[in-house]
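J.: Just a sequence and a predicted model for now, questions to come.
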Amino acid sequence: MSEQKTELTMYQIADQFIALANQLSQQENDIGKVGTAMRFAAARYNAFEAAIKSTDLAAEKDNALEWFSNEFKAMLNENLDDHIVNPPIPVQKPTDEAVKIFKSE
């Protein structure tokens, strides 16, 4: 009998990245640093994805940038709404001064 391969969903893969990010956040004690690294990693991987999928990346760059930006904005919006309804319990105080940009003064 052959084994049937179970394909991971996008959410299961994302959960694996989040688990690693949580581990690194505890290790580094800096959620801002890990968040910045994740955004850079996503940008780097998405640029690679665009390059692989494109026949002329120079000509398609603006469209790719708009598409990936819109995708990220929609996903971020959905997750921000979720955290508004279900606020997380902070495990550490933010050490990154950039967090202040989100607060009204």
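T.: Structure's in. What do you need?
J.: Flag every buried residue along the longest helix along the chain.
T.: Looking across the chain with DSSP state H, the single longest helix is helix 57-85. By 16 or more other Cβ atoms under 10 Å, the buried positions in helix 57-85 come out as Ala64, Phe68. Bear in mind the C-beta positions are built from the backbone N, C-alpha and C, glycine included.
J.: so how far is it from its chain's centroid?
T.: 10 Å (Cα atoms, centre = their mean, to the nearest Å).
J.: do stretch 24-44 as well
T.: 9 Å.
J.: Alpha carbons of that stretch, as PDB, please.
T.: Only the C-alpha atoms of stretch 24-44 are listed here, as PDB (Å, rounded to 0.1, in the frame of the first residue of the first chain):
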ATOM      1  CA  LEU A  24      13.000  33.800  17.800                       C
ATOM      2  CA  SER A  25      11.100  36.600  19.600                       C
ATOM      3  CA  GLN A  26      11.600  34.800  22.900                       C
ATOM      4  CA  GLN A  27      15.300  34.100  22.100                       C
ATOM      5  CA  GLU A  28      16.000  37.700  21.000                       C
ATOM      6  CA  ASN A  29      13.500  39.300  23.400                       C
ATOM      7  CA  ASP A  30      12.700  41.800  20.500                       C
ATOM      8  CA  ILE A  31       9.400  41.300  18.700                       C
ATOM      9  CA  GLY A  32      10.200  44.400  16.500                       C
ATOM     10  CA  LYS A  33      13.400  42.900  15.300                       C
ATOM     11  CA  VAL A  34      11.700  39.600  14.400                       C
ATOM     12  CA  GLY A  35       8.800  41.400  12.700                       C
ATOM     13  CA  THR A  36      11.200  43.400  10.600                       C
ATOM     14  CA  ALA A  37      13.100  40.200   9.700                       C
ATOM     15  CA  MET A  38       9.900  38.500   8.700                       C
ATOM     16  CA  ARG A  39       8.800  41.400   6.500                       C
ATOM     17  CA  PHE A  40      12.300  41.400   4.800                       C
ATOM     18  CA  ALA A  41      12.100  37.600   4.300                       C
ATOM     19  CA  ALA A  42       8.600  37.900   2.800                       C
ATOM     20  CA  ALA A  43       9.700  40.700   0.500                       C
ATOM     21  CA  ARG A  44      12.800  38.800  -0.600                       C
END
